[in-house]
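# task: produce atomic coordinates for the following.
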Amino acid sequence: MSSANVQDDKGGLKTEGVTLNEEDWYEVLNQEGIITNFFFSDDIFHPIQGNSFCISFARFPDFQTIKIEDR
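Now for the predicted structure:
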């Protein structure tokens, strides 16, 4: 798994994207039901730990997002 970071205009880091290898992609797909459920419920979701990544969930007043990070 790899990702590219760039500096945004406010001085923070913005991730351009994430590249998953085949094994990581299968792990993410195995969590598809949990990820989909996040967008259609108000429940609290805990981060999902994969072999080489972590999926975290965040809610904001106007939108919801998931974040996939290298571990």
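
# what is residue 17 paired to in the beta sheet?
residue 4 (DSSP bridges).

# and the gap between it and residue 68?
The span separating residue 17 from residue 68 equals 10 Å under the rule C-beta to C-beta, to the nearest Å. No exception for glycine: its C-beta is placed from N, CA and C like everyone else's.

# same check on residue 41?
Distance from residue 41 to residue 68, counting by C-beta to C-beta: 20 Å.

# residue 17 and residue 68: who's more crowded?
Set side by side, residue 17 and residue 68 show unequal neighbour counts under other C-beta atoms under 10 Å, the larger going to residue 68 at 18 against 8.

# quickly list what that one is bridged to.
Legend: beta-bridge partners of residue 68 under DSSP bridges are residue 55.

# next one: it from residue 42, what distance?
When distances are taken as C-beta to C-beta, residue 68 and residue 42 turn out to be 22 Å apart.

# show me the helices in the protein, by range?
Taking DSSP state H, the helices of the chain run over residues 22-30, 32-39.

# output stretch 39-46 in CSV with nothing but the alpha carbons.
As requested, C-alpha coordinates have been extracted for stretch 39-46 and formatted as CSV (Å, rounded to 0.1, in the frame of the first residue of the first chain):
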residue,chain,number,x,y,z
PHE,A,39,-23.1,6.2,5.3
PHE,A,40,-26.7,5.1,6.1
SER,A,41,-26.7,5.2,9.9
ASP,A,42,-26.0,7.4,12.8
ASP,A,43,-24.0,4.8,14.8
ILE,A,44,-20.5,5.3,16.0
PHE,A,45,-17.9,3.3,14.1
HIS,A,46,-14.5,2.3,15.4
